[in-house]
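Chemist: Sequence and computational prediction follow.
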Number of protein chains: 2
Amino acid sequence: MINFKLDPKAGAPFYRQIIDQIKFGIASGNLKIGEQLPTVRALAVDLKVNLNTVAKAYKELEIQNVLETQQGTGTFISKIEIKISDKERKDKLQEICHEFSTIAFSYGFSIDDIINQLKTQK
Amino acid sequence: MINFKLDPKAGAPFYRQIIDQIKFGIASGNLKIGEQLPTVRALAVDLKVNLNTVAKAYKELEIQNVLETQQGTGTFISKIEIKISDKERKDKLQEICHEFSTIAFSYGFSIDDIINQLKTQK
DNA sequence: ATGTTTGTACTATACTTATATGACAATAAT
DNA sequence: ATTATTGTCATATAAGTATAGTACAAACAT
């Protein structure tokens, strides 16, 4: 189970953000093998996007054998295991941290400002 | 002075990458107040993009008062500093940190993951 | 069997991004 | 004054992304 979240300012299109989050959800153990994902309509409502956008993400992941879909039943995490390498994981973390610190810098915040604030969220 | 560099695979559009790099340049001290940026045409040739793409980045930063442009002369780092109250500042930091950590969580990263990554950026 | 839920498919529209091209206005250099 | 350089503006084109709306096919629940 994932708490999906889209960032309109991220640069990456919505369907790609959905793809990313599912892949990383599997890699991090937040999504289990065989687990059912939200229906395209449910996730579309949740994320306030069009159902076609969710369908596009699911479709691409099905082609990659990450998901298995059954019309009339739902979409599920494939039994084939997806391995995300340490490097990919590190790159992603670096990417979103860079993205974020850019925004923070533009508001005049330092890395220490951010770290201190994040510590209060623990 | 910056060594601009675009990454076609970054997800973020070119003009936004340019904006980011200028903002980072200012925050990190690589760009000084009043310093002249490359001309739109020079940077376009350098980055192998259209001059409109560079112009778009400069234009947006001028609207944000980050840059000052003079037609016929060039584009410069603005001398105007933007004033924000302490409370506004604190609220903004909290807001963007919360927003960010939500996104990071959706990728399966923990606060500690983020903090450790941010520390390497210092 | 019927109706609901599921994924899928299609058309149409609109916005964003990026390019190519050409022209214009303000400043600087000569 | 003339020329070159600067940012600006406008038009056209193209690809990618996202939306709205509609409809269909497969599976399930009753």
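Modeler: Arrived safely. Numbering: from 1, shown residues only, chains lettered A, B, ... in the order given.
Chemist: Residues in a beta bridge with A:Q70, which ones?
Modeler: A:Q70 forms beta bridges with A:G74, as assigned by DSSP bridges.
Chemist: Distance check, A:T75 against B:G72.
Modeler: 58 Å (Cβ to Cβ, to the nearest Å). The C-beta positions use only the backbone N, C-alpha and C, and glycine is treated the same way.
Chemist: I should have written A:K92 there, sorry.
Modeler: Counting by Cβ to Cβ - A:K92 and B:G72 are separated by 44 Å.
Chemist: before we move on, what about A:N65?
Modeler: A:N65 is 58 Å from B:G72, by Cβ to Cβ.
Chemist: ok, A:T75 and B:G72, which is more surrounded?
Modeler: Neighbours were counted for A:T75 and for B:G72 using other Cβ atoms under 10 Å in any protein chain shown; A:T75 has more, 25 against 5.
Chemist: If I look at that one, what pLDDT would I see?
Modeler: Looking at A:T75, its pLDDT stands at 94.
Chemist: isn't it right up against A:A42?
Modeler: No - judged on Cβ atoms under 8 Å, A:T75 makes no contact with A:A42 at a distance of 10.6 Å.
Chemist: The residue in chain A positioned nearest to DNA strand D: what secondary structure?
Modeler: Here chain A gets closest to DNA strand D at one residue, A:G72, 2.5 Å apart by Cβ to the nearest atom of the strand. Secondary structure of A:G72, reduced to three states by DSSP: H, G, I helix; E, B strand; the rest coil: coil.
Chemist: Do the helix or strand of chain A with the lowest mean pLDDT and chain B come into contact?
Modeler: Among the helical and strand segments of chain A, the one scoring lowest on mean pLDDT, DSSP states H and E is helix A:86-106, with a mean of 86. Yes - Helix A:86-106 lies within reach of chain B by Cβ under 8 Å from any Cβ of the partner chain, at A:92-106.
Chemist: I'd like the distance from the residue located most distally from the centre of chain A to B:K23, if you could.
Modeler: Relative to the mean C-alpha coordinate of chain A, counting by Cα atoms, centre = their mean, the farthest residue is A:G108 (28.0 Å). As judged by Cβ to Cβ, A:G108 and B:K23 stand 10 Å apart.
Chemist: try A:F105
Modeler: 6 Å.
Chemist: Give me the neighbour count for A:Q117.
Modeler: Neighbour tally, A:Q117, other Cβ under 10 Å: 19.
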